[in-house]
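Student: Quick one: sequence plus predicted model below, questions after.
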Amino acid sequence: MKEKFKLGLIQMITSRDKSIAVGKAIENISQLADNGANLVVLPEMFNCPYETQRFPSYAEPEGGETWQKMQQIAIEKKIYLVAGSIPEIEAGKIYNTSFVFDPNGNQIGKHRKIHMFDINIENGQYFKESETLEAGNQPTVFETEYGKIGLAICYDIRFPELARLMVAEGAKMIIYPAAFNMTTGPAHWELLFRSRAVDNQVFTVGCAPARDYSLGYISYGNSIVVDPWGDVLGRLDDTEGYLLGEIDFNEVRQIREQLPIIRQLRNDVYSTKLK
Ligand SMILES: O=C(O)CCC(=O)C(=O)O
């Protein structure tokens, strides 16, 4: 199995105009692929402002317009594509959903955000995603030619049990399309990505929208890649841009040999199980 590949993250402003947002995503995906990216990641809600009242009118079914455009560009550029997330509608319910395509355009993964971002921080951020969204119920791990990759969305990162489940399924990297804010971003963003990386000895990836002060919800940005030792391999600031670099899944095995916590788990004493 090839274990080295080039990972690209796109940090973009998510316009209120869906076709502009999707067009911008496609342009950026093309550029990263032309520069050698094998796997490209987009931010959470890349085709919709991150505002609860907008999710219903921007929602599309699986196989809808945004889905088709993402499938098309994955095929055209022969890349794996973690297509951020979009509001997905099924049977009248709306989910925060990430679709994953392989270089042939097959949908090889689909994650519906499991934990609803309902918070109210004193003198800080309020958000109630469950006003318009439903929670998913399935952890998501997808196969690539480089190895298995886990997928979850933003607030899902705060639940270490979910990361542990994906790692038990063989994930060597966990990707979180995400959009932290100006209260919890400075406080917890890097800490969480480094924590999930260190306690599972995996790569963690956070891909966020760029900051736009004209929107109701202001994204922290700071898209990030952390290695299984907990070192930050790359981190953006608040503006539009991208990260592109080589990932070597050998490092997961090497770190786990030297510091064998995954082998030393006492599943006879405690365990995290899927119900
Ligand atoms: O956990 C946080 O602080 C932010 C989560 C979030 O923004 C989200 O789930 O979209």
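Tutor: On my side now, so go ahead. Residues are numbered from 1 along each chain as shown.
Student: Residue 61 is in contact with residue 90, correct?
Tutor: Yes. The pair residue 90 and residue 61 qualifies as a contact (C-beta atoms under 8 Å) at a distance of 6.3 Å. Yep, even glycine has a C-beta here, placed from its N, CA and C like the rest.
Student: tell me which parts of the stretch 101-250 of the chain are close to the ligand?
Tutor: Among all residues of the stretch 101-250 of the chain, those adjacent to the ligand (criterion: C-beta under 6 Å from any ligand atom) are 117, 154, 155, 158, 179, 180, 181, 184, 188.
Student: which of those are buried?
Tutor: 117, 154, 155, 158, 179, 180, 181, 184 (16 or more other C-beta atoms under 10 Å).
Student: what are the ranges of the strands in the stretch 101-250 of the chain?
Tutor: Defined through DSSP state E, counting those that start in this stretch, the strands belonging to the stretch 101-250 of the chain, from first to last, are 107-112, 118-120, 126-128, 140-144, 147-151, 173-177, 203-207, 224-226, 232-235, 241-248.
Student: Mean confidence (pLDDT) on stretch 185-201, please.
Tutor: Stretch 185-201 shows an average pLDDT of 98 in the prediction.
Student: oh, and call the first residue 752 from now on, that's how I've got it
Tutor: Sure, I'll start counting at 752 from here, so that last one is stretch 936-952.
Student: Next, the residues that contact that stretch from outside, please.
Tutor: Contacting residues not belonging to stretch 936-952 are listed as 908-909, 911, 914-915, 918, 925, 927, 931, 953-955, 957, 970-973, 975, 977-981, 983, 986, 1003, 1006-1007, 1010, 1012-1013 [C-beta atoms under 8 Å, 6 or more residues apart in numbering].
Student: ok, now with 7 Å
Tutor: The set of residues that contact stretch 936-952 without belonging to it, under C-beta atoms under 7 Å, 6 or more residues apart in numbering, is 908-909, 911, 914-915, 918, 925, 931, 954-955, 957, 971, 973, 975, 977-979, 981, 983, 1003, 1006-1007, 1012-1013.
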